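Engineer: Pasting the sequence and the predicted coordinates here, then a few questions.
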Amino acid sequence: MVRKQRNSFCSSFPAFMGRNVFKTFARNFLEVWYTVFNLLPHERSRRHFEYEMKHEDLKYLAVALPEDILKEKWSGHFDRVREIIARRLAGELTYDMRCRLELELTNLEHLEKCYNRTEAEALAMVQERIPSFTAEELDELRLENKVDFIYLNGEVRYLRSFCSTLFKVYPEMEEREAREKGDAYEKQAARAEEVEAVDQLVENLVDGQETSAHIHIRQKVWINEDALEEGKPVRIHVPLPVERQQMKNVKVISVTPQPKAMPSLEDGHPVAYFEEKAKAGQVFSVEYSLDHVTHFVDLSWEAIEKLGEEKGDIPAEEAQYLCEQLAHIQFTPYLRGLAESLKDPSGDLLKTARRIYDYVTTKVTYRFVRDYAAIDNLSEYCAVNLRGDCGIQALLFITLCRICGIPARWQSGLDTKPGSLGQHDWALFYLPSKGWLGADLSYGGSAYKKGKTKRWDYFFGNVDPFRVPINDSFQAEMVPVKKFPREDPCDNQCGELEYEDRGLYGSDWGCDYEEIDIHRIK
C-alpha cells in the first residue's frame, strides 16, 4: 500500500525534472514522514505489539518456531537468529507468531545469561573442588548427559549452576572431593541436619495426626550499586504470603518503606508493592510470621490397597484445574501417551495419582536448570529429558494428573528448615474423598534414591510444615501489573523490580531471607 502511494507520487512529476531523482527524494521523504508520525506499517505493528503484549501472551511459547530459526538457534548462532527475527517482525505476521518471535528474543537473552561458563572456566570450577579433574573427564560428562551445555557463537558454554548440580546429584563427586580435600563430609553433615528435621517429623506418624511449625522470617530486596540511578522512580513487587488452606495466624509484622499496595486473598502471586525514588542503601523489606499446619494422610501403597475405590464427580471449582495452561501445562501427544500408560486399569484416581508420583520420583533426576523463561514447555522438557528441578518435576506431575482427570495445581514459596531458607516448588492434587493434598516430587525423588521409603511415601499426599506457601498459581499475573517483562514470568519467590524505562534483572538487584524464629509446634 505504501509502495503504491510512492509510485503515484513520483509519476506525477514532469519527466524533465528527472523521475529517478524524484523517486529517490520521494522515497526518503515518505520514509521519514511515516516514521516520525508512527505511520510506517512495520513500525506501527512493532510499536503496537511492544505496548499491547500481555502477561497472558506467554501461552504463545506453545507456537512452534520456524525451522530456519531453530537450526540457527541450536547451532549457537544467536546474532543470526536475532537478524532473522528482526526481518520477520518487519513484515506481516499473525499475532500468535509475532508474540512467539518476540518471546524468543527474550529467550535468547536468558540463554546467554544462564550459559555463561566457557570450557576453561567450567574446568577450573570443578578443579577448585577436585584438583585432579581433567578436561577429558569434563568431556565425558557431556557425552553422558551429566552436565548441561549449549553452543554459543561457535563455543561450548556450560550452565552457570552445572558444578553445583554435579556435586548435588552425583555422590561420587563429593566422595572424590573428600578424598582429595577432606572437607566434603562437613557439607554432607550440614545437609544431613536438614533431612533429619523431616525424618524426625515422619517417624511414627499415624493417619490424621497434626504436625505444625511456627515460621517468622524477614525478606529484603535492594538495587545493586551498578544498576542504581539515584532519584529515578522505581517499582518493586516483593512476595508476601496471605492466608492459604494450610496456614494459620498469618501476621504481617512490618513492611518497609510504606507500600503503595498490599496483596489480597485472591492473588495467585501475592506481593507488597512499592513505588519509590531510587537511592543508595535503600532496602525494601517484609517481615511476617505464621503457623503452617498439616494433617498426615497415609497414602503408602499398603494403605491405598486397604481403601475403597477412589472415584466420583469433580466439583466445578476444582474442575478448572483439569485444563491445559499453555505453554507449560500442555497436553502434547507424548504426554498423553505417557499419562495413558500410567493410568490405573480400573480408573481409580488415587492409584493413578500414586502411579504418576512413582514415575516422576523414580525416573526423573534432580537437576538445576536454566531460567524457566528459556524453556518452551517445562512439563514436556522434564518428561523427554528425565531431569528437572523441584518446579519442573511438579509441573510434570500436575500435567499428567490433569490429563488423567485428576485436578492438580501449583504451589510454591520458601523452604524454611531451621538454619536453611530457600525457594521451593511443589504440587497439590484433588481427590473427591479427601480434598486437596500435597505432593513434593523432588523431595520424594531424593528420598527414593536414598532408600528412605517412609519419607518417599510421606511426600505423596503430604508436605512438611517447614515451608511458607506463597504462590497458589503458576504463571499468574501480579497486582499491580508489571510494565516490563518479568525476570520470572512463571513464579515469584524473590521479587521483581523495574524503572520507568526498563526492567531490572539478574545482577541489577539482590534478595535475602533472614530467619528470626523457626520451630516445630507439634
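Structural biologist: Sure thing, it's come through.

Engineer: show me where the stretch 151-300 of the chain has helices.
Structural biologist: 162-169, 171-181, 184-202 (DSSP state H, counting those that start in this stretch).

Engineer: can you give me how far stretch 426-433 is from the chain middle?
Structural biologist: If you compare the mean C-alpha spot of stretch 426-433 with that of the full chain, they lie 21 Å apart, counting by CA atoms, centre = their mean, to the nearest Å.

Engineer: which stretch of helix or strand covers Lys454?
Structural biologist: Applying DSSP states H and E as the criterion places Lys454 in helix 453-458.

Engineer: tell me what whatever helix or strand comes next after that helix is packed against?
Structural biologist: Using DSSP H and E, the helix or strand that directly follows helix 453-458 along the chain is strand 460-461. Helices and strands touching strand 460-461, as assessed by 3 or more CB pairs under 8 Å, 6 or more residues apart in numbering; DSSP states H and E, comprise helix 349-363, strand 435-439. The C-beta positions use only the backbone N, C-alpha and C, and glycine is treated the same way.

Engineer: could I get the first one in CSV with only the CA atoms?
Structural biologist: These are the backbone C-alpha positions of helix 349-363, laid out as CSV (Å, rounded to 0.1, in the frame of the first residue of the first chain):
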residue,chain,number,x,y,z
LEU,A,349,-8.0,-41.8,40.7
LEU,A,350,-5.9,-42.3,43.8
LYS,A,351,-4.0,-45.2,42.4
THR,A,352,-3.4,-43.3,39.2
ALA,A,353,-2.0,-40.3,41.1
ARG,A,354,0.3,-42.6,43.0
ARG,A,355,1.5,-44.2,39.8
ILE,A,356,2.3,-40.8,38.4
TYR,A,357,4.1,-39.8,41.6
ASP,A,358,6.1,-43.1,41.5
TYR,A,359,7.1,-42.5,37.8
VAL,A,360,8.3,-38.9,38.4
THR,A,361,10.2,-39.7,41.6
THR,A,362,11.9,-42.8,40.3
LYS,A,363,12.6,-41.9,36.7
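
Engineer: buried set for that helix?
Structural biologist: Of all the residues in helix 349-363, those buried under the rule 16 or more other CB atoms under 10 Å are 349-361.

Engineer: Kindly report the same for stretch 467-483.
Structural biologist: By neighbour count, with 16+ other CB under 10 Å as the criterion, the buried positions of stretch 467-483 are 467-479, 482.

Engineer: got those residues as JSON lines, with pLDDT, secondary structure and distance to Asp415 columns?
Structural biologist: Formatted as JSON lines, the entries for the buried residues of stretch 467-483 read as follows, by pLDDT from 0 to 100; DSSP: H, G, I helix; E, B strand; the rest coil; distance: CB to CB, whole Å:
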{"residue": "Arg467", "pLDDT": "96", "secondary structure": "strand", "distance to Asp415": "5"}
{"residue": "Val468", "pLDDT": "97", "secondary structure": "strand", "distance to Asp415": "8"}
{"residue": "Pro469", "pLDDT": "96", "secondary structure": "strand", "distance to Asp415": "11"}
{"residue": "Ile470", "pLDDT": "97", "secondary structure": "strand", "distance to Asp415": "11"}
{"residue": "Asn471", "pLDDT": "96", "secondary structure": "strand", "distance to Asp415": "14"}
{"residue": "Asp472", "pLDDT": "94", "secondary structure": "coil", "distance to Asp415": "17"}
{"residue": "Ser473", "pLDDT": "94", "secondary structure": "coil", "distance to Asp415": "19"}
{"residue": "Phe474", "pLDDT": "94", "secondary structure": "coil", "distance to Asp415": "18"}
{"residue": "Gln475", "pLDDT": "92", "secondary structure": "coil", "distance to Asp415": "21"}
{"residue": "Ala476", "pLDDT": "93", "secondary structure": "coil", "distance to Asp415": "20"}
{"residue": "Glu477", "pLDDT": "92", "secondary structure": "coil", "distance to Asp415": "25"}
{"residue": "Met478", "pLDDT": "94", "secondary structure": "coil", "distance to Asp415": "22"}
{"residue": "Val479", "pLDDT": "94", "secondary structure": "coil", "distance to Asp415": "25"}
{"residue": "Lys482", "pLDDT": "93", "secondary structure": "coil", "distance to Asp415": "25"}
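
Engineer: Closest one to Arg502 out of the residues you listed, please.
Structural biologist: When the buried residues of stretch 467-483 are ranked by distance to Arg502 (CB to CB), Lys482 comes first, at 12.0 Å.

Engineer: Quick check: phi and psi at the closest residue to that closest one other than its chain neighbours.
Structural biologist: The shortest distance from Lys482 to any residue that is not its chain neighbour, by CB to CB, 6 or more residues apart in numbering, is 5.7 Å, and that residue is Glu496. The phi and psi values for Glu496, taken as degrees, to the nearest 10, are phi -140, psi 140.

Engineer: How confident was the prediction at Glu496?
Structural biologist: Looking at Glu496, its pLDDT is 97.

Engineer: That one: how many residues sit nearby?
Structural biologist: Residues near Glu496, counting by other CB atoms under 10 Å, number 26.

Engineer: Same check on Lys279?
Structural biologist: Residue neighbour count, defined by other CB under 10 Å, stands at 13 for Lys279.

Engineer: ditto for Arg160
Structural biologist: When neighbours are counted by other CB under 10 Å, Arg160 registers 18.

Engineer: by contact count, what packs against the helix holding Lys454?
Structural biologist: Helices and strands in packing contact with helix 453-458 are listed as helix 184-202, helix 441-449; criterion 3+ CB pairs under 8 Å, 6+ apart.

Engineer: circling back: turn the buried residues of helix 349-363 into CSV, including distance to Asp207 and pLDDT.
Structural biologist: Formatted as CSV, those follow (distance: CB to CB, whole Å; pLDDT from 0 to 100):
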residue, distance to Asp207, pLDDT
Leu349, 19, 98
Leu350, 14, 98
Lys351, 18, 98
Thr352, 21, 98
Ala353, 17, 98
Arg354, 16, 99
Arg355, 21, 99
Ile356, 22, 99
Tyr357, 18, 99
Asp358, 20, 99
Tyr359, 25, 99
Val360, 24, 99
Thr361, 21, 98
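
Engineer: farthest-separated two in these?
Structural biologist: Across the buried residues of helix 349-363, the two members that end up farthest from each other (CB to CB) are Leu349 and Thr361, 18.5 Å apart.

Engineer: Let me see the domain layout of this structure.
Structural biologist: 119-182, 210-293+485-520 (automatic domain parsing).

Engineer: Tell me where the model's unsure across the stretch 101-250 of the chain.
Structural biologist: The model of the stretch 101-250 of the chain has pLDDT under 70 over residues 182-195.

Engineer: And the strands in it, which stretches?
Structural biologist: 149-152, 155-158, 210-223, 233-239, 247-256 (DSSP state E, counting those that start in this stretch).
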